[in-house]
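> how would this look folded up:
(2 chains)
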2 protein chains.
Amino acid sequence: MDPKLGRMASSLLALLLLLEGGMFSASPPAGLERVFRHIELQQDAFVQTLKEWVAIESDSVQPTPRFRQELFRMMAVAADELRRLGASVDSVDMGSQQLPDGQSLPIPPIILAELGNDLKKPTVCFYGHLDVQPAAWGDGWLTDPYTLTEVDGKLYGRGATDNKGPVLAWINAVSTFQALEQDLPVNIKFILEGMEEAGSIALEELVQKEKDRFFSGVDYIVISDNLWVSRKRPAVTYGTRGNSYFTVEVKCRDQDFHSGTFGGILNEPMADLVALLGSLVDSSGRILIPGIYDHVASLTEEEKNMYKSIDLDLEEYRNSSQVKKFLFDTKEEILMHLWRFPSLSIHGIEGAFDEPGAKTVIPGRVTGKFSIRLVPHMNASVVEKQVKHHLEDVFSKRNSSNQMAVSMVLGLPPWIANINDSQYLAAKRAIRTVFGTDPDMIRDGSTIPVARIFQEIIGKSVMMLPLGAVDDGEHSQNEKINRWNYIEGSKLFAAFFLEIAKLHE
Amino acid sequence: MDPKLGRMASSLLALLLLLEGGMFSASPPAGLERVFRHIELQQDAFVQTLKEWVAIESDSVQPTPRFRQELFRMMAVAADELRRLGASVDSVDMGSQQLPDGQSLPIPPIILAELGNDLKKPTVCFYGHLDVQPAAWGDGWLTDPYTLTEVDGKLYGRGATDNKGPVLAWINAVSTFQALEQDLPVNIKFILEGMEEAGSIALEELVQKEKDRFFSGVDYIVISDNLWVSRKRPAVTYGTRGNSYFTVEVKCRDQDFHSGTFGGILNEPMADLVALLGSLVDSSGRILIPGIYDHVASLTEEEKNMYKSIDLDLEEYRNSSQVKKFLFDTKEEILMHLWRFPSLSIHGIEGAFDEPGAKTVIPGRVTGKFSIRLVPHMNASVVEKQVKHHLEDVFSKRNSSNQMAVSMVLGLPPWIANINDSQYLAAKRAIRTVFGTDPDMIRDGSTIPVARIFQEIIGKSVMMLPLGAVDDGEHSQNEKINRWNYIEGSKLFAAFFLEIAKLHE
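Purely as a prediction, here's the structure:
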């Protein structure tokens, strides 16, 4: 599609949204009008830069030298871009990564960049990542995943929304102030990594190390690495669930048995394990481990009301999820069970017969795996004790001669922010200015460790301010960011700079 | 070891056994004394033939052209050996086998051979197989698996006990009568296959086809393809359990879910499946499917007594099984639960997370696998109905929105023989003559389809008359047959020919 048509569609959509919202946004504050116009006028250049970044195959998941080389190139290109903004840029060497096969691959540097050092201004640190999930044209992509392609106002390409687009939107906002020779209302720091999709190896270590240096003056941390829950309504994310991952091993002996030769005289480990796993959760999704709900934050009226206003089309959500029926019928219940209540999922069993066909084996040693998503104010080590106590109780009642061993292999606490922090108020105001509507105040049911890492180590307010729409398809084929989201998102960040500067004063 | 020493050890062991049994065998009947002496004198030649057969790498499990070639060579060598006995030999071409990878390999011929056609004599058909399980020196073999090696009276080699040794023992018995120019008291038929370890492909089809031709005059069928339950006491096997193998699939959708994004609002298929599998059997091994025990034959005093006299050292059995504790404490209970009661084993789950590590997946579609070993007089199709009814009942109570599908993918009935059939009486007498003791009357907990195939299709008495000791290690590393078992086994078959001829009259 002609980019001009794309722009028109984008503007039209913005207008429709405003009409639909039943209100017109107030005209932007004086300084912002110029900023917004500049962003509109520069949008093709901004899309062009995104195209150049998407063209770099910075896949961190497939550990090959070629992709690793692309990752290094990506980090170098980003460092150059930040230097052009006038930032001082430090590309921190993170050493190398030992792979399970013995191979060693270098870890791409983490970029620490600083722009501005005015003690009267607040300092906002932006976290983003420049690595992407794997993508190949053969996998169901309708366009080449590494060639940003615009169709009907949608910019298709791997990394377009996760997370190159939002990183560039932040850069666009900064560069606009500079292009207009307008005073940047905040000091900016950047921390950009290249291993997020591979588990953010080395990130926490660096944050810890830089706590009292790079992060010392930071007032706010903004992450823009998730999505709205709506196609059109912006969102601010103030919490994620944590996760405690358990293994429970039941062992009779190391080798398997033949079910003809031994079936009938053994405490079979699979029978024990199935009973243990079956004791964890009932068919309504309620966790049966005693005490597990004791520390779950009680629901306030204020919180309850927030779910009501969230823009989630339940029917569309159900259809796009390809699920016949959810456990709950209302939007509010569904959101609460995804965000503010714990859930328990059984992932599978290691050591049993898992292939096609009909093997008559009695597995000798099996390991069940399940995890509990943690919510405020659950504590992973309390949960660990509750789970162990419960499973030991169930197992002892079976009187089995097998051995059982329970381990918590991962215990990531939930993250929750105070939505009355200045930056949340600033983001809301900025959203109202740019989009003419209040945002959905949302959480994420999954665990995003960076938010918690920053909050725990640096001890400052962390906010997730997503730009992408619910249907952007991060991680899947045909990932995209709407041109509208990308450009309005750049405006949003610019407006946010002004609002946070005002509120911080 | 010097073969002469081996012979001495073998004779000594026989003597010890007789002393231990508290009795001396009566001198063998007139005709047999010469037969036995001849077998003793020929034993090195018999071992040499076994060595030549073991040297052929007739592995039917690994579907490679080389092993397949070895299988054809094995069948040809056996056909020659039978022709030397004077048998008319038919090597029936069984066509070829389509492998899952599209490759096609020829199936080794099944040998049908006949020797003698005297209407006054009974006709005994011997079934055996000449293919073997895979074996490689690196796998823990102390000697080259394809070089029969004698150590302390034990003949180590792949196929030595399973099943080349017993096939040759039968041939040794026949050839001895011929060498002595002594009238063979029975007509002999052989059915020898080369695909037993690969599931006896094509055997049933051939038996069906030859029912009214090759098998028309057969009175008794003897299989010698299992082991004693003792190291020293012979056994006769009169039953095997059947097997009904089930899959139960629970499906929400084809793709998996992320447990962060969906955990808490789904009827998770794994939770349903674990509840279904957990409803099948209790911790004492009792099957919980209503009606499942209805058709299990009731235990008679006579049968009960048979278990008492069986030579099973429970402590040694437990130790060699590496099991801390069985479900039952007495020999009788253990044997009954292996042989004459059904058992249910859960084999595993397909479609769930089964690898090492901690993946936060909600499997979208999972298939549980379990099987029930069937005993007289259970019927697979009745069991199928009971299982389906039970699982549907459990599932419906969960009120899950998932779909469940139960299938019985295999329904092999149990096999049981009448131990008062002539050939069982003849075998007991022959065992008393050769070993000076009564045999253990045993069953096999696993399913040996050939016995049932012969019984069902041909409708004649089938007996399993094993020669190998409990510690022969069929299918495992360092498989062996004792020289003593091989040679006394050859005598046993010779004595059996005489006894069955007498009883048949």
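> Just the element for residue A:112, please.
Element membership for residue A:112 (DSSP states H and E) is strand A:110-115.
> by contact count, what packs against that strand?
Counting contacts by 3 or more Cβ pairs under 8 Å, 6 or more residues apart in numbering or on different chains; DSSP states H and E, strand A:110-115 is packed against helix A:65-84, strand A:88-92, strand A:187-193, helix A:203-210. No exception for glycine: its C-beta is placed from N, CA and C like everyone else's.
> The spatially closest residue to residue A:71 that is not a sequence neighbour - how many residues pack around it?
Of all residues not flanking residue A:71 in the chain, residue A:108 sits nearest, at 4.3 Å (Cβ to Cβ, 6 or more residues apart in numbering or on different chains). Residues near residue A:108, counting by other Cβ atoms under 10 Å in any protein chain shown, number 29.
> would residue A:108 count as being in a helix?
No - assigned with DSSP: H, G, I helix; E, B strand; the rest coil, residue A:108 falls outside any helix and is coil.
> what about the stretch 1-150 of chain A, any weak spots by pLDDT?
For the stretch 1-150 of chain A, applying pLDDT under 70 flags the ranges A:1-27.
> Kindly report the same for chain A.
Low-confidence segments of chain A (pLDDT under 70): A:1-27, A:505.
> Helix, strand, or coil at residue A:38?
On the basis of three-state DSSP, residue A:38 is classed as helix.
> For it, give me its contacts.
Contacts for residue A:38 (Cβ atoms under 8 Å, 6 or more residues apart in numbering or on different chains) come out as A:176, A:179-180.
> can you check residue A:192 too?
A:75, A:78, A:110-111, A:113, A:127-130, A:167.
> from the residues you listed, which single one is nearest chain B?
Closest to chain B out of these is residue A:129 (17.6 Å), distances taken as Cβ to the nearest Cβ.
> and the nearest residue to the closest one once chain neighbours are set aside, what are its phi and psi?
Using Cβ to Cβ, 6+ apart and skipping the chain neighbours, the partner closest in space to residue A:129 is residue A:196 (3.5 Å). In terms of degrees, to the nearest 10, the main-chain angles of residue A:196 are phi -60, psi -40.
> And the strands in the stretch 251-400 of chain A, which stretches?
Taking DSSP state E, counting those that start in this stretch as the criterion, the stretch 251-400 of chain A contains strands spanning A:257-258, A:343-350, A:361-362, A:365-374.
> for the first one, packing partners?
Contacting strand A:257-258 under the criterion 3+ Cβ pairs under 8 Å, 6+ apart are the following elements: strand A:361-362.
> wait, does the strand it packs on contact chain B?
Yes - judged by Cβ under 8 Å from any Cβ of the partner chain, strand A:361-362 comes into contact with chain B at A:361-362.
> what about the residue of the stretch 1-150 of chain A at minimum distance from chain B, neighbour count?
Chain B sits closest to residue A:100 of the stretch 1-150 of chain A, with a gap of 9.6 Å, by Cβ to the nearest Cβ. Neighbours of residue A:100 under the rule other Cβ under 10 Å: 8.
> can you tell me how far it sits from residue A:323?
35 Å (Cβ to Cβ, to the nearest Å).
> Kindly report the domain assignment for chain A.
As recorded under automatic domain parsing, the domains making up chain A are A:3-240+A:414-504, A:242-296+A:341-412.
> export the ones you listed to CSV and tack on distance to residue B:243?
Below are those laid out as CSV (distance: least, Cβ to Cβ, whole Å):
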stretch, distance to residue B:243
domain A:3-240+A:414-504, 38
domain A:242-296+A:341-412, 7
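> right, and these - which one's nearest residue B:210?
domain A:242-296+A:341-412 (28.0 Å; Cβ to Cβ).
> from the middle of its chain, how far away would the closest one be?
28 Å (Cα atoms, centre = their mean, to the nearest Å).
> Who are the contact partners of the residue in the stretch 301-450 of chain A that chain B sits nearest to?
Closest residue of the stretch 301-450 of chain A to chain B, Cβ to the nearest Cβ: residue A:446 (2.2 Å). Contact analysis of residue A:446 by Cβ under 8 Å, 6+ apart lists A:240-241, A:243, A:373, B:258-261, B:360.
> Just name the closest of these to residue A:492, please.
residue A:240 (20.9 Å).
> Please enumerate the helices of chain A.
Using DSSP state H, the helices of chain A run over residues A:3-20, A:30-54, A:65-84, A:165-179, A:203-210, A:259-262, A:269-278, A:301-308, A:314-321, A:331-339, A:380-398, A:422-435, A:449-458, A:483-504.
> Let me know how buried the closest residue in space to residue A:214 that isn't next to it in sequence is, in neighbour terms.
Distances taken as Cβ to Cβ, 6+ apart place residue A:112 nearest to residue A:214, at 5.1 Å, with adjacent residues excluded. Neighbourhood size, residue A:112 [other Cβ under 10 Å]: 22.
> Go ahead and confirm residue A:112 touches residue A:190.
Yes - applying Cβ atoms under 8 Å as the test, residue A:112 and residue A:190 come out as touching, 7.2 Å apart.
> Quickly list what residue A:59 is bridged to.
Note on residue A:59: beta-bridge partners by DSSP bridges are residue A:132.
> Centre of chain A to the edge, which residue is at the far end?
No residue in chain A sits farther from the centre than residue A:261, which is 50.3 Å out by Cα atoms, centre = their mean.
> OK, contacts around that residue?
Taking Cβ under 8 Å, 6+ apart as the test, what residue A:261 contacts is B:338, B:445-446.
> which of the residues you listed lies closest to chain A?
For these, the nearest to chain A is residue B:446 (2.2 Å; Cβ to the nearest Cβ).
> Distance of that closest one relative to residue A:345?
For residue B:446, the distance to residue A:345 - Cβ to Cβ - is 37 Å.
> Just give the number of residues close to the nearest residue to residue A:500 once chain neighbours are set aside.
Closest residue in space to residue A:500, ignoring its immediate chain neighbours: residue A:426 at 4.0 Å, by Cβ to Cβ, 6+ apart. Residue A:426 is flanked by 25 other residues according to other Cβ under 10 Å.
> Who are the contact partners of residue A:426?
Counted by Cβ under 8 Å, 6+ apart, residue A:426 has contacts A:496, A:499-500, A:502-503.
> Kindly report the same for residue A:411.
A:242-245, A:380-381, A:383-384.
> so whatever residue of the stretch 101-250 of chain A ends up closest to chain B bridges to which residues?
At 4.7 Å from chain B, residue A:245 is the closest residue in the stretch 101-250 of chain A, using Cβ to the nearest Cβ. With DSSP bridges as the criterion, residue A:245 is bridged to residue A:371, residue A:410.
> Understood, closing this out.
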